[in-house]
Structure formats: C-alpha cells, structure tokens
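K.L.:
Below is the sequence, then the predicted model.
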Amino acid sequence: MIIYLEGADASGKSTLRHKIVEQLYATVDEWTEFGIIGIVENGEELIPTRPTNPKRLNLEDLFRKLWEMAFDLKTIYICDRGPISDIIYRTFDKFQPVMTLNQYVNFWIKAHRLIVTVWCDSDVSTEMLHERGDNNPIAVANHAAIRYLYKQIMPIFKPVKYDFAKVTDGGQGKIDIILMNLYNGLYLATEEAKKAELK
C-alpha cells in the first residue's frame, strides 16, 4: 500500500508526511490487527527518479518496484514524490522522465485502490519559497508553471487535496480521510485475496 504525496516545492508535503507517520504509529495496533507489519516513512528512496541520483531506476525496474509496493498488503509506504514529479520537473531541464504520463496512468488504473494519492497545493507556497530563502526570480517563475502543470495532471488520479493554509484543525481531517482511503483499499484487496484463495 502506498500513500503518495505530490505537489510543487513548499506545498506542505514534508510536514504532512510527518503528521501521517505520527498518526500511523499512534494507531499502530489497529493496523497490526489488519495485517500491516511495517511502515516505510521514506518510500521515495525505493523509487528514485531524479536524474542526478546514481541509483535512478530504469523504466522496467520502476514499474516492478511500484507494483511490489502497491500490492504489498503488509507494509505502508509513504512516498514524498515519485513518477509524477519526475514527469513534471523534467519539463524544465534537459533530461527525460523515466516513465511517461500515459505509462503511469496505465499503472495507476490497475493499482489505484492500493495507492492513496495526495495532492499538496497552496496559493501561499510561493511565499513559503521566499521564506525558505529561495527568492530567485527564475525559480519563482518555474514554481508558478510547475503548480500549473500539477493542476492539469493531478485530477486524473482522484487525489485527496491538501492546502496547509486552509486547514483549521492542523490537517487532522485530511489525515483521517487519507487513512480511511488507505483502510478501504486494504480491506477491498484483502477480501479479494480471500475470495481468490477459496477458488
């Protein structure tokens, strides 16, 4: 099972990931009873796609690893970025993405119940870039374009939308939705596995 966080820089992904991890460990007994025996907090390290990473996967290995992670009903993998970021960010450099958008969509159609996609986006993320010291005009211009590309692509994957500037409960409501979607996907997959065994 994968919780897949996507979005532009300074959109709250890392903060949300930490909150999700805290909630998972706070309710670990419930997940253990359901068969979950592991939580991988940095799942993106298993699917490296950044061109400068010497461990960057090729297309075949990326497909295989995503498939293994999604259909691993014993482990929850939290991924801060993955193939979608690789597709979007490669628009701004000389490199090619590992997989195309169509290839990822085809994978997602088969595995979507086992992937909780979260789209982090906020109108104040550009301000956050400035606060982090990233005030390069070119970076800011790219940031706006990157947010635009996410807005075109992310609705395909029926994500949970998270805007850190608009939450009034520290994001708990969104975290509850994310974990409920995770539970529902795990329940359906487990029931299907039981039916397959009976046949």
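P.N.:
Sure, I can see it. Quick caveat: nothing in here was measured; it's all calculated off a predicted structure.

K.L.:
Give me the average confidence score over the longest helix along the chain.
P.N.:
Ranked by number of residues, the top helix in the chain under DSSP state H is helix 172-198. In this model, helix 172-198 has a mean pLDDT of 88.

K.L.:
One more: stretch 7-21?
P.N.:
Rounded mean pLDDT across stretch 7-21 is 94.

K.L.:
for it, which positions count as buried?
P.N.:
7-13, 16-17, 19-21 (16 or more other C-beta atoms under 10 Å). Just so you know, the C-beta spots here come from the backbone N, C-alpha and C atoms, and that holds for glycine as well.

K.L.:
hey, where'd the strands end up in the chain?
P.N.:
2-6, 38-40, 75-80, 115-120, 160-162 (DSSP state E).

K.L.:
burial of residue 114, as a residue count?
P.N.:
20 (other C-beta atoms under 10 Å).

K.L.:
Just give the nearest non-adjacent residue to it, would you?
P.N.:
residue 70 (4.3 Å; C-beta to C-beta, 6 or more residues apart in numbering).

K.L.:
do you know how far the one you found is from residue 3?
P.N.:
As judged by C-beta to C-beta, to the nearest Å, residue 70 and residue 3 stand 11 Å apart.

K.L.:
who touches both of the two?
P.N.:
By C-beta atoms under 8 Å, 6 or more residues apart in numbering, residue 70 and residue 3 have no common neighbours.

K.L.:
Looking at these two, which is more packed in?
P.N.:
Shown here are residue 70 and residue 3; by other C-beta under 10 Å, residue 3 has more neighbours (25 against 22).

K.L.:
show me what contacts that one?
P.N.:
Here residue 3 is in contact with 20, 76-79, 116, 118, 178, 182 (C-beta under 8 Å, 6+ apart).

K.L.:
Let's have those residues in JSON lines, adding distance to residue 54.
P.N.:
As requested, the contacts of residue 3 are exported to JSON lines (distance: C-beta to C-beta, whole Å):
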{"residue": "20", "distance to residue 54": "29"}
{"residue": "76", "distance to residue 54": "27"}
{"residue": "77", "distance to residue 54": "22"}
{"residue": "78", "distance to residue 54": "23"}
{"residue": "79", "distance to residue 54": "20"}
{"residue": "116", "distance to residue 54": "30"}
{"residue": "118", "distance to residue 54": "28"}
{"residue": "178", "distance to residue 54": "32"}
{"residue": "182", "distance to residue 54": "32"}
